[in-house]
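Q: 3D, please:
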Amino acid sequence: MDNFKEANESLERTNKTVDSFSRKMKFVGLEKVVADSLEKLFNNASSYITHVKNELDSTDSNGENLDVAEDILIKTQKGDSLFNYLQQVYDTGIEYGDSTSRQYLTDVRKYGKDKWLERYFRKVPTIAASTILSKFQNDLGLIRISVTSAGIAELKNKILQNR
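A: The predicted structure is shown next:
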């Protein structure tokens with residue numbers, strides 16, 4: 001349990017730094033409507049994960065219960081929403097991100113919703129579920145940076161070609 005708590009605290013510190021940095025970056029090389037929808041997707045997904053983590057914590061503040069995450073996320077609307085948000089973010093990374101992250105994101109998407117939710121949230125201590133959710137928030141930040149970086153690289157290449 002202590003190891004999960006330490007890992008979660010470390011991820012949350014990293015997430016704060018990545019989130020602060022990535023929110024300052026703009027999606028370049030995309031139409032404004034696309035950039036705005038990506039901004040909204042990333043912000044909503046991160047907020048949703050924070051909401052689920054808060055619910056887990058308020059239901060089991062010790063983090064030791066093996067059924068809390070399962071009850072909240074498996075075969076529920078909350079679990080469905082979590083899965084859908086993350087799949088949309090991973091799809092965004094595959095479509096718009098840099099090439100180095102595409103294979104990882106494709107591999108992450110190989111499970112269907114029910115199998116994916118059970119893989120991460122069946123019979124795990126609540127603190128482990130929170131740590132997994134922190135890892136997903138970390139993915140969001142890194143994908144956001146990947147998409148932004150790919151747009152910047154594409155814009156740079158267009159400028160160099162026009163010289």
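Q: alpha carbons only for contacts and neighbour counts from here, please
A: Noted.
Q: what about stretch 113-127, how long is it end to end?
A: 22 Å (C-alpha to C-alpha, to the nearest Å).
Q: Show the pLDDT at residue 158.
A: The model reports residue 158 with a pLDDT of 62.
Q: Check residue 153 too.
A: Note for residue 153: predicted pLDDT of 66.
Q: Quick one: mean pLDDT over stretch 58-72.
A: The model assigns stretch 58-72 a mean pLDDT of 93.
Q: in it, what's buried?
A: Using 16 or more other C-alpha atoms under 10 Å as the test for burial, stretch 58-72 gives 60, 63, 65, 66, 68, 69, 70, 72.
Q: Which helix or strand contains the second one?
A: Put plainly, it is residue 63. Assigned by DSSP states H and E, residue 63 belongs to no helix or strand.
Q: and it, what are its phi and psi?
A: When read as degrees, to the nearest 10, the backbone of residue 63 gives phi 80, psi 10.
Q: now could you export just the CA positions of the least confident helix or strand in the chain by mean pLDDT as CSV?
A: Ranking every helix and strand in the chain by mean pLDDT, DSSP states H and E puts helix 99-108 at the bottom, with a mean of 76. Extracted in CSV, the C-alpha atoms of helix 99-108 (Å, rounded to 0.1, in the frame of the first residue of the first chain):
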residue,chain,number,x,y,z
SER,A,99,5.4,9.3,-34.6
THR,A,100,7.3,8.1,-31.5
SER,A,101,4.2,7.8,-29.4
ARG,A,102,1.9,6.2,-32.0
GLN,A,103,2.9,2.6,-31.4
TYR,A,104,2.5,2.9,-27.7
LEU,A,105,-1.0,4.5,-28.1
THR,A,106,-2.0,1.8,-30.6
ASP,A,107,-1.0,-0.9,-28.2
VAL,A,108,-2.9,0.7,-25.4
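Q: Greatest separation within the buried residues of stretch 58-72: which pair is it?
A: 63 and 72 (13.8 Å; C-alpha to C-alpha).
Q: if we can go back for a sec, helices or strands up against the least confident helix or strand of the chain?
A: Secondary-structure packing of helix 99-108 (3 or more C-alpha pairs under 8 Å, 6 or more residues apart in numbering; DSSP states H and E): helix 77-96.
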